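J.: Build me a model from this:
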Amino acid sequence: MKTIPYIPLALLLFALLSCRKEVNIKPDASYESQLFIESILFPGEEPRVYLSLSQPFFNAEVTPQEMFARGADVRLSDGTQSEQLRPDSTFDKFRCRWVPYYKGTAPAEYGKTYELSVTFQGKTYTAATTIDQAKVDLDEVEYTAEFFDVYGGHDGVILRFRDAPGENNFYRFQMDRFLDTSRHHAHILEVIVNDCTNGEKFWITDLGRTIFRDENNDGQPMELYAEVSFEYRQGDTAYIYLQSLDERSAAFYEDIDNQLQSILNPFVEPVFLKSTIEGTLGVFGSAVRSDTVLFIYPQANP
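T.: Okay, the predicted model is just below:
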């Protein structure tokens, strides 16, 4: 009778995990970049249109400057006047990099319909939006130490307001505040090295990833729970808004959130983005902000 040698389980697992094989993957030389367009118009604000080119998965050039679609002809018309948008940029002090876009000089106006035209590399893409969403103001903003959604448990803020009656409404959270490099991004944390601000405070806009609908709540009081993206300390101040988005833009950002869920959870069915711009990928829409609410954090991060 043969004796089978006893191999400790830990040793067996080590042997299995120590088996590695390097695989060299060559980027596809035939890859063709696709234009991505993103623009949301706000009444009273100068329009911005972000144009970027998609890159192969292993491409090292992924900053906004490197992906910016230069040389495009970008025009915005309200039916009576047309304006050509010019290249401009802002400096992202959190990531220490420039973010380019095309910018207009005429502020968008409530009640008007705008048509966007983008001509790039011999192709023209068009889309339209009407700024007619109801302005819905916040009644109350409250801190919550914990709430649960599809991503798990979080701390955040509770937004309370009354829905605008008689129409389908789509809402998104926005928080603006000053912070410095001691406040990390909740998901990136200290991975990003910030060496350009030297302790200076800078302005950050935090947009909620979740789109809220007024389905079955038309004209009723609503309560929304929102997770914030940046760390905070007791006494930090912020300015909070409620965005009212047009339906097609809301659906686009909702698809992006569902895509994130499918990446994090293998049991969630993947979602394909439904572009609002025919012929390419992207979104052109509009939103109306509520009046701002000053919010002061009652405690530090849990």
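J.: what about the helices in this structure?
T.: Using DSSP state H, the helices of the chain run over 9-17, 64-67, 247-264.
J.: Among the ones you listed, show the one with the smallest mean pLDDT.
T.: Looking at the helices of the chain, the lowest mean pLDDT belongs to helix 9-17 (a mean of 51).
J.: What separation is there between residue 166 and residue 90?
T.: Noted for residue 166: a distance of 38 Å to residue 90, by CB to CB, to the nearest Å. C-beta: built from backbone N, CA, C; applies to glycine.
J.: Those two: which is more packed in?
T.: residue 90 (13 against 9; other CB atoms under 10 Å).
J.: okay but the more buried one is in contact with residue 97, surely?
T.: No: between residue 90 and residue 97 there is no contact under CB atoms under 8 Å: 10.2 Å.
J.: what is in contact with those two at once?
T.: When contacts are counted by CB atoms under 8 Å, 6 or more residues apart in numbering, residue 90 and residue 97 are jointly contacted by no residue.
J.: and residue 233, what does it touch?
T.: So residue 233 contacts 183, 297, 300, 301 (CB under 8 Å, 6+ apart).
J.: residue contacts, the last one?
T.: When contacts are counted by CB under 8 Å, 6+ apart, residue 301 is found next to 155, 231, 232, 233.
J.: Can you tell me which of those are classed as buried?
T.: 155, 232 (16 or more other CB atoms under 10 Å).
J.: Between the contacts of residue 301, which sits nearest residue 240?
T.: Distance to residue 240 across the contacts of residue 301 (CB to CB) is lowest for residue 232, with 12.7 Å.
J.: Skip the chain neighbours and tell me the closest residue to that closest one.
T.: In space, and not counting its chain neighbours, residue 232 is closest to residue 297: 4.9 Å by CB to CB, 6 or more residues apart in numbering.
J.: quick one: the one you found and residue 234 touch, right?
T.: Yes: at 5.8 Å, residue 297 counts as touching residue 234 under the criterion of CB under 8 Å.
J.: More neighbours: which of the two?
T.: Using other CB under 10 Å as the criterion, residue 297 and residue 234 rank with residue 297 on top: 18 against 10.
J.: confidence score at the more buried one?
T.: pLDDT, read off for residue 297, is 91.
J.: surely residue 41 meets residue 285?
T.: Yes: Residue 41 is in contact with residue 285 according to CB under 8 Å; the separation is 7.4 Å.
J.: which residues are common contacts for the two?
T.: Contact with both residue 41 and residue 285 is made by residues residue 129, according to CB under 8 Å, 6+ apart.
J.: Low-confidence ranges, this protein, go.
T.: Residue ranges of the chain with pLDDT under 70: 1-30, 57-58, 61, 150-152, 186-192, 261-271.
J.: per-domain residue ranges of it.
T.: Domain assignment of the chain by automatic domain parsing yields the ranges 35-130, 138-272+287-296.
J.: Need the distance between the two termini of the longest one.
T.: Which is domain 138-272+287-296. The first residue of domain 138-272+287-296 is 15 Å away from its last residue (CA to CA, to the nearest Å).
J.: What of the first one?
T.: Taking CA to CA, the first and last residues of domain 35-130 lie 23 Å apart.
J.: Residues in a beta bridge with the residue nearest to residue 252 when sequence neighbours are not counted, which ones?
T.: Spatial nearest neighbour of residue 252, chain neighbours left out: residue 283 (4.3 Å); criterion: CB to CB, 6+ apart. Residue 283 forms beta bridges with residue 38, as assigned by DSSP bridges.
J.: Would you mind measuring from residue 283 to residue 246?
T.: For residue 283, the distance to residue 246 (CB to CB) stands at 10 Å.
J.: Next: residue 50.
T.: Residue 50 sits 18 Å away from residue 246 when distances are taken as CB to CB.
J.: what does residue 163 give?
T.: To residue 246, residue 163 is 16 Å away according to CB to CB.
J.: and those two? which has more neighbours close in?
T.: residue 246 (23 against 20).
J.: And the nearest residue to that one once chain neighbours are set aside, how close does it get to residue 298?
T.: The shortest distance from residue 246 to any non-neighbouring residue, by CB to CB, 6+ apart, is to residue 285 (4.7 Å). In this structure, residue 285 and residue 298 are 35 Å apart, going by CB to CB.
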